[in-house]
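[1] pasting a predicted model and its sequence here:
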Amino acid sequence: MADFNSLDEVADAVSTCTKCDLCQSRTNAVPGIGNKESKVLFVGEAPGRSEDLRGRPFVGRAGQILTEALEKAGVSRRDVYITNTVKCRPPKNRNPNKTERESCKDYLDAELRILKPHVICILGNVALKSLLGDDKITSKRGNIIQKDDMLYFPTIHPAAVLYNPQLAHTLEQDIKKLFDIIQLNDGAVN
């Protein structure tokens, strides 16, 4: 495991990473971004096309949905930190495989260690599998899960709303619940 001392070091390593074959097809690697003081870390699965082009997480249509859900909960996107389990786009937006997830594990672990979030909001099944070894988001979503002295809050991935618009309300409810829990515990988002 690499010993990173800052998020800038993680981002530099991500941008030049060649640990798996995704480096051959990427336009840009996509390190996490956001408020380094945030008590919440959002973790998705992998960059999509827009993210690959811009080198930033959640800037495409799913990112717009996430931003809207945050705003409906009274939270600005600039108040949170957002990253992915995998830092490069898999071809044709397929789910990242186990090798790809394991290749990026040191980067995600470093982000968690450096940021020390109060809660990690898991966005979707791939991130749930990567972080908790589970892939049943529908039965886990909307609840705090404690594992290894960390608190996790799984919810659906914003991209799911693109395929099933009725899920927008579910995502919005979950994000609001997450921030209500945080405010009840310490009165502040970040």
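    Noted; the coordinates are in hand.
[2] buried ones in the longest helix belonging to the chain?
    Using DSSP state H to define each element, the chain has its longest helix at helix 167-186. Within helix 167-186, the residues that qualify as buried by neighbour count (16 or more other Cβ atoms under 10 Å) are 167-168, 170-179, 182. For the C-beta atoms, the positions are set from N, CA and C on the backbone; glycine is no exception.
[3] how about stretch 65-85?
    Neighbour count says stretch 65-85 has 65-70, 73, 75, 77, 79-85 buried, by 16+ other Cβ under 10 Å.
[4] where does pLDDT dip in the protein?
    Applying pLDDT under 70 to the chain flags the ranges 1-2, 185-190.
[5] now the strands for it?
    Taking DSSP state E to define them, one finds strands in the chain at 33-34, 40-44, 81-84, 119-123, 145-147, 150-155.
[6] now for the residue most central in space within the chain: which residues touch it?
    Central residue of the chain (Cα atoms, centre = their mean): Val43, 1.5 Å from the mean position. The contact partners of Val43, by Cβ atoms under 8 Å, 6 or more residues apart in numbering, come to 83-85, 108, 120-123, 127, 130-131.
[7] so which of those residues comes closest to His157?
    Among the contacts of Val43, Leu123 lies closest to His157 (Cβ to Cβ), at 4.7 Å.
[8] nearest spatial neighbour of Ala46, skipping sequence neighbours?
    Leaving out its chain neighbours, the residue that sits closest to Ala46 by Cβ to Cβ, 6 or more residues apart in numbering is Val86, at 4.0 Å.
[9] wait, doesn't that neighbour sit right on Gly48?
    No - assessed by Cβ atoms under 8 Å, Val86 is found out of contact with Gly48, at 11.2 Å.
[10] sorry, back to before: so which of the buried residues of helix 167-186 comes closest to Lys36?
    Of all those, Ile182 has the smallest distance to Lys36: 16.9 Å, by Cβ to Cβ.
[11] what separation is there between that closest one and Thr99?
    Ile182 is 35 Å from Thr99, where distance means Cβ to Cβ, to the nearest Å.
[12] and Leu53, by the same measure?
    Taken as Cβ to Cβ, the span from Leu53 to Thr99 is 24 Å.
[13] looking at the two, which is more packed in?
    More neighbours surround Leu53 than the other of Leu53 and Thr99, with 15 against 11 (other Cβ atoms under 10 Å).
[14] the closest residue to the more buried one other than its chain neighbours and Ala13: what is the separation?
    Sequence neighbours aside, Thr27 is the residue nearest to Leu53 in space, at 5.7 Å (criterion: Cβ to Cβ, 6+ apart). Using Cβ to Cβ, one gets 18 Å for the distance from Thr27 to Ala13.
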